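[1] return a 3D structure for these sequence lines:
(chains A, B and C)
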Amino acid sequence: MMEVLDLLLQPAFWVAVLRIATPLILGTLGVLLCERAGVLNLGIEGIMVAGAFTGWLAVYGGAPLWVGVGVAALTGAAFGLLHAFLTVTLALSQHVSGLGITLLATALSYYGYRVSFPKVSTPPTVTPFADMEWLGFPVLAQQTPLTLLALVLVPLIGYTLYRTPVGLAVRMVGENPQAAEGQGVSVAAVRYGAIVAGSALMGVAGCFLTLAAFNAFFFNMVNGRGWICVALVVFASWRPGKALLGALLFAFFDALQLRLQQAGGAVLPYQMYLMLPYVLSIVALVLVARKASYPQALMKPYRKGER
Amino acid sequence: MRLEKRAANSTAALVLAPVGAVAFTLLVSALLVLWAGAAVGQTYTLLFKGGFGSVFALSETLTRAIPLILTGLAVTVAFKARLFNIGAEGQLYVGALAAVAVGGLHGGTGFDLPPSLLFVSMMLASALAGALLLLGPALMKARLGVDEVVTTLLLNFIVLLFVSMMLDGAMKDPTAMGWPQSVALMGELELSKLIDQTRVHTGLLWACALAVGVWVLMQYTVLGFDIRAIGANARGAAFAGVPVTRTVVLVAMLSGALAGLAGAIEVAGRTSYVTLDMSPGYGYTGIVIAMLAGLHPLAVVAASIYVAGMLVGADSMSRAVGVPTYIADVIVAASLISVLVATLLTQYRVRWK
Amino acid sequence: MAEPVLSLSRITKRFGALVANDAISLQLHAGEVLALLGENGAGKSTLVSILFGHYVADEGSITAFGRPLPSGDPRAALAAGIGMVHQHFTLADNLSVLDNVMMGSEPLWQPFARKRKARERLDEVARQFGLEVDPDALIGNLSVGERQRVEILKALYRGARILILDEPTAVLTPQESEALFSVLTQMVAQGLSIIFISHKLGEVLRVSSRIAVLRAGKLVAEADAAGTSQEQLAQWMVGHAISAAQARPTRACGALVCELTNASTAGGRERLDRVSLKLNAGEILAIAGVSGNGQSALAELLSGTRQVTGGQVTLLGQALQNRPAQLVELGVARIPEDRHAVGVVGDLPVWENAVSERLRSPVFSRWSWILRRKAREHAARVIRTFDVRGGGQLTPARALSGGNMQKLILGRALLHPLGEALHPIPPRLIVAHQPTWGLDIGAVAYVQDQLIAARDAGAAVLLISDDLDEVLTMGDRVAVMHAGQLSPSKPATHWSREAIGLAMAGVAQEPPHSERAT
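    Next comes the predicted model:
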């Protein structure tokens, strides 16, 4: 127990927490935007892979890091556009469409990687984002600008959702699309916008892994982080502030289990530590289950003008 | 652009839809082949020949199809009741683990029981393991309203770590030089080959029999009616007297059992060991197969052979031409989306405003 | 005569083979209340949906305030000054009144919402028309009457000069309806023009200045309200003269079939609060009341889909189990409120729906194996006896029209599989929840005849309806439901419309526990 307290006092621990939390914050915000507009986006796992790959590939090809981030965002947006077309215009099952996109985006990324690097055994690397030493703050200074971006996006998205007309439109479209239509707001346009924007964020979440956390693209890199984001959105009751809290909480336990593995030795098999994040996500879902106030139109297909 | 419901659906269109979708997918994937710098015609020819072009190719395809039929059935049964079982991958692994736990050569000889009894116990154990794994998320959904998509997904990762743990510890193969695999299955429990000199085993017969069984269950039994009713309209089903929670539990157990059996049959028929890479995503591919088959148990067999053919063909094609094997995964995933769109177009007409 | 504010010219709309609106031409003049009358399925809602932009007309054009109205765009309708109060409110439960009202009124690219200004304007409009409501209240917490007020405010906030109201009194007590009518008078005084949709004849004559009657998609008559009678309207609506409802002799009641004693159920607004009632064989107990006062709880309780949490419920002397299959075996026939969402499983074929409640009984299954031939035979009997049209046994049930679907549900509930044509086995208890809602007059008469025939054969019938006319003409005894509580039941002839209206609003007339001798 004393070990754990020692751990918590080291700044290096909190640096790790923020680093682990960043893709979760970005991914959760992305899912939040889609679900607030009433559309479940299970494509996040695949979009994160695709964002990780294309962002990294752009930088490997010589582009500056922020251009790589832009490419990742565009990749996410493109898959988001596909998902929006399938679920909004064609009103197909949101579950199946999302899963199909995850499978497609992942397969395309792995294919693209193998075509670009057919014979390598060690993954080629790029120079990732550098720490923000110039900031001066103790824990933040060891973070990359992408983390700062994630932290800034939380209040920004919160403001947009609750204090702007477009945010109100997004929320209304997710609660009662007929009401939105009756007030002259195009449900399709708002949903397309929310899905594309949210998917772009998912793409950026992916490229954080290859351009900041690590410096190369590996297979199985995303490793379920996308699904954890989907769980975190429910845990956060679809609110940006609580999403940040959930991501930090989760990252806290993830960083903790890593440290405990290293410090604790062979008391428990290392796999049990690795299981902790996934188990916690399930526990979190169960805890909030009863109280969850879903956006009422979530997962219900909407066809304008159908009898 | 908007959609307008067609007055009548034609059955001809319903059959043509998957075919048209697959054709469209292959057309688009041709672009990927060009990106890899290979000739489209040669690549596709090698792909098909590698999957279906010889007795050997067919036998490999059928071998690969066996677990896919079973995971496809598992997903079909669950999706019919609107229980989104994305955890077939994990259920497959616990089924495999249970099979080796019962039938493995523990301490050199394993359990001292007649092989037929052991075989039956082994299969029952795997089915039960898979069933229990899905039961958790199903009950969480029925009682607490927790979305089963995320819970079953997360369980996949947990199960894989658990298997890794078992392979390092309790079920470790003492003879493998550090390579993580389980104790071997007893020789007597292995499934025999259907065709000599090939890998196709009697698991294929089991899988096809189960496909017929699931179809009969769905169409001719009260349980099948209950499952279809709940999937179509849970409130209407409850009103008509369908015991909803009990049916969801049964669906979960049946679906999980089928996926668990996929794992057991893989171990007994193909690998003889449990390893961490014994399933290259069969559980997820099962979802694609179920959707390609339109959730029809008999069509699952056809869809599995198609997908298996793509995967096997890609392996041999890749060795010859250098196009990465992942093209098969792209084709499969794109087929899923195309089939969804094509099926929709049989019910709705497109109107440009 | 001044230029009309709204002019519809030869509007035609088809849904597949059905012609919902057939070359309808109509005008609305300033300061006028035009009633759009017609029975269910006549095409009234379709017409105003086209006007407001929810649907696109196949043919025809619309002019509003002298300018052509673009079709299929609610935004254009709103900009032209047309507002709509929908029959099923288009409100988001999880958002506040202010959010619901101001949504869509500001351009989406604006980086901030002018909430304070919106709040002031909302207050102003509310006061102008007498429609006070708390702007910060969540819609989910409001009563039905309050929600309708918000729905109306939405349109007025956007500056509507033409207001469409689609069956607004369907969910109101008689007193609340009066309050609405005085609001309408206020609106007309402030210069609005109103289109008022209804199928209730008395109301239409009371409220409107001019009446347009639709029948089977066509405009069949237009007249000023003054100088038109209900009989004339009814004749236009249906196409032939309707005979007045017969006065029926009071009946002697038979044996007790079902009894509730201080029964309560859990839940929010839609629950039972210590309800006591008796259902006797050969008698129709009709329950009046505005939807949402516990009727669903009562119907679900007796249908086996809701559990009682306090008090007792007995059926034929035994405690009532909440197991639908068992209730059906005991002879309970259930007709649910929502035929699409609850009555049938739409994707399954007609024959499976025809036997769905009895599938578990030994007649249709052995050890979970369905006896298909027997089931299909029974389904054929149901279809034949109850004249279910629109498809064969294998058609998905959702393809049936409302009337045919209701006939299927009736047949399933009333036709016993072991009964013969000459010796039918009638049900012991019929639970009918809004059985004629949304049906055309022919289907309504059919359903009512079936219920009366079953009663005459000895069934106890519980009829729940929000249509007062139906309650008073069908019921042998009548009780009123309000806020989960049931008034004592009295013979139908002992109730006046005013007394029922007061009871529907919860105003007690007499001490609640005195049960009049019946």
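
[2] all helices of chain B, in order?
    B:11-35, B:40-52, B:55-80, B:88-103, B:115-139, B:148-168, B:203-220, B:222-232, B:234-239, B:244-266, B:282-292, B:297-321, B:326-347 (DSSP state H).

[3] just those: most buried one?
    Greatest average neighbour count among the helices of chain B goes to helix B:88-103 (a mean of 30), per mean count of other Cβ atoms under 10 Å in any protein chain shown. Every residue, glycine included, has its C-beta placed from N, CA and C.

[4] so that one versus helix B:148-168, what angle?
    40 degrees (axes from the mean of the first three to the mean of the last three Cα atoms, to 10 degrees).

[5] what is helix B:88-103 packed up against?
    Judged by 3 or more Cβ pairs under 8 Å, 6 or more residues apart in numbering or on different chains; DSSP states H and E, the packing partners of helix B:88-103 are helix B:55-80, helix B:115-139, helix B:148-168, helix B:244-266, helix B:282-292.

[6] so which of these is nearest residue B:94?
    helix B:115-139 (4.3 Å; Cβ to Cβ).

[7] that closest one and chain A in contact?
    No - for helix B:115-139, no contact with chain A is found by Cβ under 8 Å from any Cβ of the partner chain; the gap never falls below 8.5 Å.

[8] now the helices and strands packed on helix B:88-103 as a markdown table including mean pLDDT?
    Putting these into a markdown table (pLDDT from 0 to 100) gives the following:
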| stretch | mean pLDDT |
| --- | --- |
| helix B:55-80 | 95 |
| helix B:115-139 | 93 |
| helix B:148-168 | 92 |
| helix B:244-266 | 95 |
| helix B:282-292 | 93 |
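
[9] chain C: which of these is closest?
    helix B:244-266 (10.1 Å; Cβ to the nearest Cβ).

[10] what about that closest one, distance to the chain center?
    When distances are taken as Cα atoms, centre = their mean, to the nearest Å, helix B:244-266 is centred 12 Å away from the chain's centroid.

[11] what about it, near chain C?
    No - shown here: helix B:244-266 not in contact with chain C (Cβ under 8 Å from any Cβ), separated by at least 10.1 Å.

[12] re earlier: mind putting the helices of chain B into a markdown table with distance to residue C:161?
    Below are the helices of chain B laid out as a markdown table (distance: least, Cβ to Cβ, whole Å):
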| stretch | distance to residue C:161 |
| --- | --- |
| helix B:11-35 | 48 |
| helix B:40-52 | 63 |
| helix B:55-80 | 51 |
| helix B:88-103 | 60 |
| helix B:115-139 | 55 |
| helix B:148-168 | 49 |
| helix B:203-220 | 57 |
| helix B:222-232 | 45 |
| helix B:234-239 | 42 |
| helix B:244-266 | 50 |
| helix B:282-292 | 51 |
| helix B:297-321 | 58 |
| helix B:326-347 | 41 |
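
[13] could you give me the buried positions within stretch C:219-230?
    C:219, C:221, C:225, C:228 (16 or more other Cβ atoms under 10 Å in any protein chain shown).

[14] which residue comes closest to residue A:244 once chain neighbours are left out?
    residue A:154 (4.7 Å; Cβ to Cβ, 6 or more residues apart in numbering or on different chains).

[15] so which strand or helix has that neighbour?
    Following DSSP states H and E, one finds residue A:154 within helix A:145-163.

[16] check residue A:193 too.
    Going by DSSP H and E, residue A:193 is part of helix A:187-208.

[17] the very next helix or strand once past that helix and chain C, are they touching?
    Downstream of helix A:187-208, the first helix or strand assigned by DSSP H and E is helix A:225-235. No - using Cβ under 8 Å from any Cβ, helix A:225-235 stays clear of chain C, coming no nearer than 15.4 Å.

[18] and for stretch A:181-201?
    Yes - against chain C, stretch A:181-201 shows contacts by Cβ under 8 Å from any Cβ at A:181, A:182, A:183, A:184, A:185, A:190.

[19] and the gap between the third one and chain B?
    When distance is defined by Cβ to the nearest Cβ, to the nearest Å, residue A:183 is 20 Å away from chain B.

[20] what is the burial count for that residue?
    Each residue near residue A:183 was counted by other Cβ atoms under 10 Å in any protein chain shown, and the total is 23.

[21] state the pLDDT value of it.
    For residue A:183, the pLDDT comes out at 90.

[22] wait, it sits on residue C:99?
    No - the pair residue A:183 and residue C:99 does not pass the contact test of Cβ atoms under 8 Å, sitting 11.0 Å apart.

[23] overlap in contacts of these two?
    residue A:172 (Cβ atoms under 8 Å, 6 or more residues apart in numbering or on different chains).

[24] circling back to that earlier point, the helix holding residue A:154 - contacts with which helices or strands?
    Going by 3+ Cβ pairs under 8 Å, 6+ apart, helix A:145-163 lies up against helix A:11-36, helix A:165-175, helix A:187-208, helix A:240-264.

[25] ends of stretch C:95-104, what's the gap?
    14 Å (Cα to Cα, to the nearest Å).

[26] would that stretch count as contacting chain A?
    Yes - against chain A, stretch C:95-104 shows contacts by Cβ under 8 Å from any Cβ at C:95, C:99, C:100, C:102, C:103, C:104.

[27] that older thread, next, the angle from the helix holding residue A:154 to helix A:240-264.
    Using the same axes, to 10 degrees: helix A:145-163 against helix A:240-264 is 150 degrees.
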